[in-house]
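Asker: Take a look and give me a structure for this.
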Amino acid sequence: MTNPTKSRRTPPKARRDRAEPRRSGWLWVSFLVPLVAIALLVIAGQGDPGASMEEGVAPGFDLPDTQGRTVSLDAILQQGDALLYFSMGVGCDGCFAQIPEAIEGLQARGLQLVPVMVDSATRVAAEASRFGITTPILIDGSREVSEAYGMLGVYGHSDRPSHSFALVHRDGTIGWVKHYSTMFVPLDQLLSDMGA
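Answerer: Numbering: from 1, shown residues only. Below is the predicted model:
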């Protein structure tokens, strides 16, 4: 009489054959995960649309500010080189803390900081006062200026800038553009990155 338990057992080779596809599936996953991670890092590094403008002419603009005036790029450049600072704005405390941190250090080097935000003037002014900021902030409500400078779509922010800078020389040329993934850049790092 045949032992029913014995006849139902899977031979060792068949068990190995069945386990093999599972192992090779995990091998594919362990191979693909690092590749996907590398691809994402490369894409993030390419999220730098303003870099192509570094040797170009700065797009002109006329923007309202938080004090109710309209300010042109030409008027700004009459006072010297300007560092345009495009940021997320309302909701980002680091973006506002950046302004007083940078202004004094830049002014000592003959460079003016010009903050640009896309939120309404009322909301930006309210946040600015919370940080004791008296410097006017330009309002790019239509986002046209931010787009012209390549500041949208960086680090996943499609509708507003992230934390980006464009150095515009008195002659209207762009000398340097940099996008940061962090929402605050210490002055020493900013100056070092600009090669100041």
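Asker: so what pLDDT did the residue most central in space within the chain get?
Answerer: When Cα atoms, centre = their mean is applied to the chain, the residue found nearest the centroid is S162 (3.7 Å). S162 carries a pLDDT value of 93.
Asker: Tell me how far it lies from M151.
Answerer: 8 Å (Cβ to Cβ, to the nearest Å). Every residue, glycine included, has its C-beta placed from N, CA and C.
Asker: Between the two, which contacts overlap?
Answerer: H179 (Cβ atoms under 8 Å, 6 or more residues apart in numbering).
Asker: quick one: contacts for the residue nearest to the centre of the chain?
Answerer: By Cβ under 8 Å, 6+ apart, the contact set of S162 is S87, M88, M151, V154, Y155, G156, H179, Y180, S181.
Asker: number of nearby residues for the fourth one?
Answerer: Think V154. For V154, the neighbour count with other Cβ atoms under 10 Å is 23.
Asker: Could you do the first one as well?
Answerer: Residues lying near S87 (other Cβ under 10 Å) number 26.
Asker: That one contacts A97, doesn't it?
Answerer: No - with contact defined as Cβ atoms under 8 Å, S87 does not reach A97; the gap is 10.5 Å.
Asker: which phi and psi does L113 have?
Answerer: Main-chain dihedrals, L113, degrees, to the nearest 10: phi -90, psi 130.
Asker: how close does it sit to S158?
Answerer: Distance from L113 to S158, by Cβ to Cβ: 25 Å.
Asker: okay, the two: which has more neighbours?
Answerer: Applying other Cβ under 10 Å to L113 and S158 shows that L113 carries more neighbours, namely 21 against 7.
Asker: Could you list the domains of this protein?
Answerer: 4-46, 49-194 (automatic domain parsing).
Asker: model confidence over the first one, on average?
Answerer: Domain 4-46 shows an average pLDDT of 50 in the prediction.
Asker: Make 45 the starting number, not 1.
Answerer: Okay, using 45 as the starting number, the last item reads as domain 48-90.
Asker: could you pull out the strands for the protein?
Answerer: With strands called from DSSP state E, the chain shows them at 106-108, 114-116, 126-131, 156-161, 182-183, 207-212, 218-223.
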